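Colleague: Show me how the following folds:
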Amino acid sequence: MLTAVESPAYQSEVLVVDDDQSIRSIMTALLKRVGLKVNLAIDGLDAVEWLMRPENHADLVILDLAMPRMSGAEALEHIRSMRPELGIVLCSGSKTDLATTQEQGGEAVLSAFSKPFDIDEFCRGILVALSRMRGRPFP
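Modeller: Just a heads-up that it's a prediction; the model follows:
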């Protein structure tokens, strides 16, 4: 497992968007373990509303695709239009939806993970995405 000491992303903030409480809890524990500050949203609409508030900050959004009220694909479009500098990492149980949305998301989508995912691979992928956003290679 990666540690915060190994992480060039230490002190970065992520927004985890997933309607499943257990997934949000697992991701929070994993991401905090590698030194990230974690913010949470329960669906796409919650994420968009959170990002609209000027006091809120995230360096990266981890976005589930299948959610009520506003899907991940819809949220992705809103996020790209209001905060184009944000990187997006997609997560989904559907590989077809994941591939389609990743293609539609263009350069904003830095990575994609199919659920269930390997814990080490997920953490490393998030750190790589944050490093790419800063224009630095991940060790």
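
Colleague: Going by C-alpha atoms from here, please, whenever you check contacts or count neighbours.
Modeller: Will do.

Colleague: pLDDT weak spots in the protein?
Modeller: Judged by pLDDT under 70, the chain has its weakly predicted residues at 1-10, 94-106, 136-139.

Colleague: The most centrally placed residue in it: what secondary structure?
Modeller: Centrality entry for the chain: nearest residue to the mean C-alpha point is Ile62, 1.3 Å, by CA atoms, centre = their mean. Assigned with DSSP: H, G, I helix; E, B strand; the rest coil, Ile62 falls in the strand class.

Colleague: My read is that it contacts Ile88, right?
Modeller: Yes. The pair Ile62 / Ile88 is scored as a contact, 6.0 Å apart, by CA atoms under 8 Å.

Colleague: max-length helix in this protein?
Modeller: helix 119-133 (DSSP state H).

Colleague: export that one as CSV, just CAs?
Modeller: This file holds the C-alpha atoms of helix 119-133, laid out as CSV (Å, rounded to 0.1, in the frame of the first residue of the first chain):
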residue,chain,number,x,y,z
ILE,A,119,-7.0,-1.1,-3.7
ASP,A,120,-3.3,-0.4,-4.5
GLU,A,121,-4.1,0.1,-8.2
PHE,A,122,-6.8,2.6,-7.3
CYS,A,123,-4.6,4.6,-4.8
ARG,A,124,-1.7,4.7,-7.3
GLY,A,125,-4.1,5.8,-10.1
ILE,A,126,-5.3,8.7,-8.0
LEU,A,127,-1.8,9.8,-7.2
VAL,A,128,-0.8,9.5,-10.8
ALA,A,129,-3.8,11.6,-11.9
LEU,A,130,-2.9,14.3,-9.4
SER,A,131,0.7,14.3,-10.5
ARG,A,132,-0.4,14.6,-14.2
MET,A,133,-2.5,17.6,-13.3
